[in-house]
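*Asks:* just need the structure, nothing else, for what follows:
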Amino acid sequence: MRKTSKVVLVSVFLALSLVLSIYYNTTSPRILVVHSYDENYGWVKSLNASFQEARKGYPRTVLSRTHYLGLLGAPNAQHKETAAASAMRAVESFEPHVLVVFDDMAAELVTPELLNRPDLHIVFAGIDAPLQEHGFDQSTNTTGILERVPLVALHEAMNDLGRGKPLTVGCLGDARGVSIAEARQLAAFDWAPHRMLPCQQAQSLAQWQAGVQDIGERADVLFISGYRGVVREPGDTAVVPPAELLTWTEAHSKALPMAAKNGFVGDGGALSISSSPQEQGQVAGRLTVALLQGRSVATLPVTEGQAFLVAMHAGKLEKRGYRLPKVYEAAARAAGAYF
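*Replies:* Okay, the predicted model is just below:
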């Protein structure tokens, strides 16, 4: 009799646990985060940390999953197709209330079939391309924050580097869409009194090296719009390691290499002024919280990133005869990016 009672109690406990688990999983809001890149990429780590911190503003428990497309470098069409299929399976199986996509490839590969769905909100961040390229300008279920090159801050840096002398700025980038989108922003900006040369694109190492040498003969500054997608030989999918590429560039460029990329100085560059992943992640987190609290997409307009980070290698700048005001050093130290 006592044994039977124990069996009954255990059975009741398991049944209640199952019911509570089902209730929890069916009533808790679900968030699926999709990243274009890899979990260990510094940009992604910063996005995740700031997003999770902002998401704490939602008082209820949520179910959350993160999916990484792993498309760093120069992925071919097959890699993209496989990554997109995997992400869509995650969406279909998890059925999120809010889908958060970070960076352009996630937007390109995952969101087209999900636009305008009334049962799904989409929050985007880290988007370099114009809204219309991803269909976000006409969508009724999307909002987010655009990543923009901090052009005004870069212009001020050119003024400080030139010390009253107009500079000629060459532009070189890999052939990825994100680099091309950044080059468009550079081309549309008024750099006067400085002169920005048309941006060159390089797919292979040989093309990159030729571009560095060509720009070095014509410009004071080599602005790099993207460098993580350069392959060693045409047709390769494996890229030249960023540190190897920038070490060669720093050693062989007559023009000062600089960029608007996180990690650029750590990879071997001299100076970068880049958009803030903390801002992108925080805004995405706040928008997610607002949607879970019942706000409509229509009341949450798309914004553009305003914050930026400074990174600098003082020795490399001084070697080329450049000295920047102390405020640059202070900003770089505050960001943990002073070398």
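
*Asks:* can you report how many residues lie near residue 183?
*Replies:* Close neighbours of residue 183, defined as other Cβ atoms under 10 Å, add up to 21. To be clear about C-beta, it is placed using only N, CA and C from the backbone, and glycine gets the same treatment.

*Asks:* in which helix or strand would I find it?
*Replies:* Residue 183 belongs to helix 177-188 when assigned by DSSP states H and E.

*Asks:* against which helices or strands is that helix packed?
*Replies:* Taking 3 or more Cβ pairs under 8 Å, 6 or more residues apart in numbering; DSSP states H and E as contact, the helices and strands that helix 177-188 lies on are helix 104-110, strand 168-173, strand 195-201, strand 221-226.

*Asks:* partners of the helix or strand where residue 101 lies in the sheet?
*Replies:* Per DSSP H and E: residue 101 is located in strand 98-102. Sheet pairing of strand 98-102 (DSSP bridges) gives strand 30-35 (parallel), strand 121-127 (parallel).

*Asks:* got the CA coordinates for that strand in CSV?
*Replies:* C-alpha atoms of strand 98-102 as CSV (Å, rounded to 0.1, in the frame of the first residue of the first chain):
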residue,chain,number,x,y,z
VAL,A,98,10.4,38.2,-32.2
LEU,A,99,13.1,37.4,-34.7
VAL,A,100,16.3,39.5,-34.2
VAL,A,101,18.7,39.6,-37.2
PHE,A,102,22.2,41.0,-36.9
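
*Asks:* now it, how far from the centre of its chain.
*Replies:* In terms of Cα atoms, centre = their mean, to the nearest Å, the centre of strand 98-102 is found 13 Å from the chain centre.

*Asks:* quick one: the helices in the stretch 1-150 of the chain?
*Replies:* 2-27, 42-55, 77-94, 104-110 (DSSP state H, counting those that start in this stretch).

*Asks:* give the contact list for residue 309.
*Replies:* Taking Cβ atoms under 8 Å, 6 or more residues apart in numbering, we find residue 309 in contact with 262, 272, 273, 274, 275, 276, 331, 335, 337.

*Asks:* and if we set it to 6 Å?
*Replies:* Residue 309 makes contact with 274, 276, 335, according to Cβ atoms under 6 Å, 6 or more residues apart in numbering.

*Asks:* among the residues you listed, which lie within strands?
*Replies:* Residues from those lying in strands, with DSSP state E as the criterion: residue 274.

*Asks:* quick check: end-to-end length of stretch 262-272?
*Replies:* 7 Å (Cα to Cα, to the nearest Å).

*Asks:* buried ones in it?
*Replies:* Judged by neighbour count using 16 or more other Cβ atoms under 10 Å, the buried positions of stretch 262-272 are 262, 263, 264, 265, 266, 267, 268, 269, 270, 271, 272.

*Asks:* where does the second one land in three-state SS?
*Replies:* When states are read from DSSP: H, G, I helix; E, B strand; the rest coil, the local structure at residue 263 comes out as coil.

*Asks:* burial of the closest residue to it other than its chain neighbours, as a residue count?
*Replies:* Leaving aside its chain neighbours, residue 263 sits nearest to residue 42 (5.4 Å; criterion: Cβ to Cβ, 6 or more residues apart in numbering). By other Cβ under 10 Å, 12 other residues sit near residue 42.

*Asks:* and the gap between residue 42 and residue 276?
*Replies:* 13 Å (Cβ to Cβ, to the nearest Å).

*Asks:* pLDDT below threshold where in this protein?
*Replies:* 1-27 (pLDDT under 70).

*Asks:* show me it divided up by domain.
*Replies:* Following automatic domain parsing, one gets these domains for the chain: 2-147+277-304, 151-259.

*Asks:* touching, residue 308 and residue 151? I think so.
*Replies:* No - here residue 308 lies out of contact with residue 151, judged by Cβ atoms under 6 Å, at a distance of 10.0 Å.

*Asks:* with neighbour numbers in mind, choose between the two.
*Replies:* Per other Cβ under 10 Å, whichever of residue 308 and residue 151 has more neighbours is residue 308, with 21 against 17.

*Asks:* where's that one relative to residue 204, distance?
*Replies:* 31 Å.

*Asks:* kindly report the same for residue 219.
*Replies:* From residue 219 to residue 204 the distance is 22 Å (Cβ to Cβ).

*Asks:* of the two, who's got more company?
*Replies:* More crowded of residue 219 and residue 204, by other Cβ under 10 Å: residue 219, with 22 against 19.

*Asks:* how many neighbouring residues does residue 198 have?
*Replies:* Neighbourhood size, residue 198 [other Cβ under 10 Å]: 9.

*Asks:* how much space between it and residue 184?
*Replies:* Distance of residue 198 to residue 184, computed by Cβ to Cβ: 11 Å.
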